[in-house]
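Chemist: quick one: sequence and predicted model below, then my questions.
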Amino acid sequence: MQFATVNNVILHHQLIGGPAGRPVIVFANALGTDFRIWRDVVVRLAGDFPIVTYDKRGHGLSDLGQVPYSIDDHVLDLAALLDRLDVKGAVICGLSVGGMIAQGLATKRPDLVKALVLCDTAHRIGTAEMWDARIESVETKGIESLADAVLERWFTPAFRRPENAAYHGYRNMLTRQSAVGYAATCAALRDADLTETAKRISVPTLCVVGDQDGSTPPDVVLSMARLIPGARYEVIKDAGHIPSIEQPEIMTEMVRAFIATLPEVGDSHR
Ligand SMILES: O=C(O)CC1=CCC(=O)O1
């Protein structure tokens, strides 16, 4: 099954089976992306762990639902999807707004979360003015109108070479997202301040950032890491906002090494 109705919204997802006794890894995505941004990490981890990927509402093949959204809408969707899949005590690996969803899940539904990998994210991203301007551009001129600026923050100059087919492919991913879903998630980002949430996270947490991230630069991610009790912080060289695309090998090994440090929890898998 790749589609499930939760909270009156169809969510596109994949569950890849893995060995019993290993924690499920759940991947959550950035604004303007779908679950394929994790593909090069997922293929490296598949077989060693059960894996869940999904498209948050308003993105990929998932429904739009009621707009605009709040971060809580996204958190409740992920909680309902994991309940539906009978996943508990997972390692939630969230990138950008996906990392905010992961933080929210860890505090709202601690039974679902064994540990967090927070990639290129923060307790607060951007300013209300910035998100309002972005919403206006998307609503009046479409995602294409901001694509080049977004891609400059997503990727390093080395990745943005005109001859790099992957660069053009991910540009297509961005511009083909629903403008309505994109703007609705910008509203969720505008309204989200997870400062108090981050302080209450009580699971082992790894915070990761690309050294050239133009959206949540290393100092921003570090300030989130400092709020989370006991969190570790790592920088990935030669990566922008989406290290799972630019440095999948390093990203994978960081996730693997982090999971190896987690205490065994008997009921942490399906
Ligand atoms: O679009 C960007 O600048 C990057 C981004 C911010 C939040 C998110 O999920 O992606």
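Modeler: Done, it's in. Numbers count the residues shown, from 1 in each chain.

Chemist: low-confidence ranges, the chain, go.
Modeler: Within the chain, the segments meeting pLDDT under 70 span 265-270.

Chemist: alongside the ligand, which residues does it contribute?
Modeler: Contacts of the chain with the ligand, taken as C-beta under 6 Å from any ligand atom, map to 30-32, 96-97, 125, 150, 153, 189, 215, 241. To be clear about C-beta, it is placed using only N, CA and C from the backbone, and glycine gets the same treatment.

Chemist: redo these as CSV? Include neighbour count, secondary structure and distance to V255.
Modeler: Below are the residues of the chain next to the ligand laid out as CSV (neighbours: other C-beta atoms under 10 Å; DSSP: H, G, I helix; E, B strand; the rest coil; distance: C-beta to C-beta, whole Å):
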residue, neighbour count, secondary structure, distance to V255
A30, 27, coil, 17
L31, 23, coil, 21
G32, 27, coil, 23
S96, 27, coil, 16
V97, 26, helix, 19
I125, 23, coil, 22
V150, 20, helix, 25
R153, 16, helix, 23
L189, 21, helix, 24
S215, 21, coil, 21
H241, 28, coil, 17
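
Chemist: what comes up buried for the host helix or strand of A166?
Modeler: Element membership for A166, per DSSP states H and E: helix 165-175. Within helix 165-175, the residues that count as buried by 16 or more other C-beta atoms under 10 Å are 167, 170-171, 173-175.

Chemist: kindly report the same for stretch 7-23.
Modeler: Buried residues in stretch 7-23, counting neighbours by 16+ other C-beta under 10 Å, are found at 9-13, 15-16, 18, 22-23.

Chemist: quick one: that stretch to chain centroid distance?
Modeler: 15 Å (C-alpha atoms, centre = their mean, to the nearest Å).

Chemist: what about it, how long is it end to end?
Modeler: End-to-end distance for stretch 7-23, by C-alpha to C-alpha, to the nearest Å: 25 Å.

Chemist: now T252: how far from the ligand?
Modeler: Distance, T252 to the ligand, using C-beta to the nearest ligand atom, to the nearest Å: 21 Å.

Chemist: re the thing from before, for the helix holding A166, packing partners?
Modeler: Applying 3 or more C-beta pairs under 8 Å, 6 or more residues apart in numbering; DSSP states H and E, one finds that helix 165-175 contacts helix 144-154.

Chemist: elements contacting the helix it packs on?
Modeler: Helix 144-154 packs on helix 128-141, helix 165-175, going by 3+ C-beta pairs under 8 Å, 6+ apart.

Chemist: redo those helices as a markdown table? Include distance to A231.
Modeler: As requested, those are exported to a markdown table (distance: least, C-beta to C-beta, whole Å):
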| stretch | distance to A231 |
| --- | --- |
| helix 128-141 | 26 |
| helix 165-175 | 29 |
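
Chemist: now for those helices, which one comes closest to A225?
Modeler: helix 128-141 (22.4 Å; C-beta to C-beta).

Chemist: dump the C-alpha coordinates for that closest one into CSV.
Modeler: Provided in CSV are the C-alpha atoms of helix 128-141 (Å, rounded to 0.1, in the frame of the first residue of the first chain):
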residue,chain,number,x,y,z
ALA,A,128,7.1,36.4,9.3
GLU,A,129,7.9,39.1,6.7
MET,A,130,10.0,36.7,4.7
TRP,A,131,7.4,34.0,4.6
ASP,A,132,4.6,36.5,3.8
ALA,A,133,6.6,37.8,0.8
ARG,A,134,7.2,34.2,-0.3
ILE,A,135,3.5,33.3,0.0
GLU,A,136,2.6,36.4,-2.1
SER,A,137,5.1,35.5,-4.8
VAL,A,138,3.9,31.9,-5.0
GLU,A,139,0.2,32.9,-5.0
THR,A,140,0.6,35.5,-7.7
LYS,A,141,3.5,34.3,-9.9
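
Chemist: for it, which outside residues touch it?
Modeler: With contacts defined as C-beta atoms under 8 Å, 6 or more residues apart in numbering, helix 128-141 is touched by 145-146, 179, 182-183, 186-187, 189-190.

Chemist: and the residues you listed as CSV, adding distance to D63?
Modeler: Listed next are these as CSV, based on distance: C-beta to C-beta, whole Å:
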residue, distance to D63
S145, 25
L146, 24
A179, 15
Y182, 14
A183, 16
C186, 18
A187, 17
L189, 20
R190, 22
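
Chemist: how close does the closest residue to R190 other than its chain neighbours get to S137?
Modeler: Nearest non-adjacent residue to R190, counting by C-beta to C-beta, 6 or more residues apart in numbering: W131, 3.5 Å away. In this view, W131 and S137 are 11 Å apart by C-beta to C-beta, to the nearest Å.

Chemist: with that, I have no additional questions.
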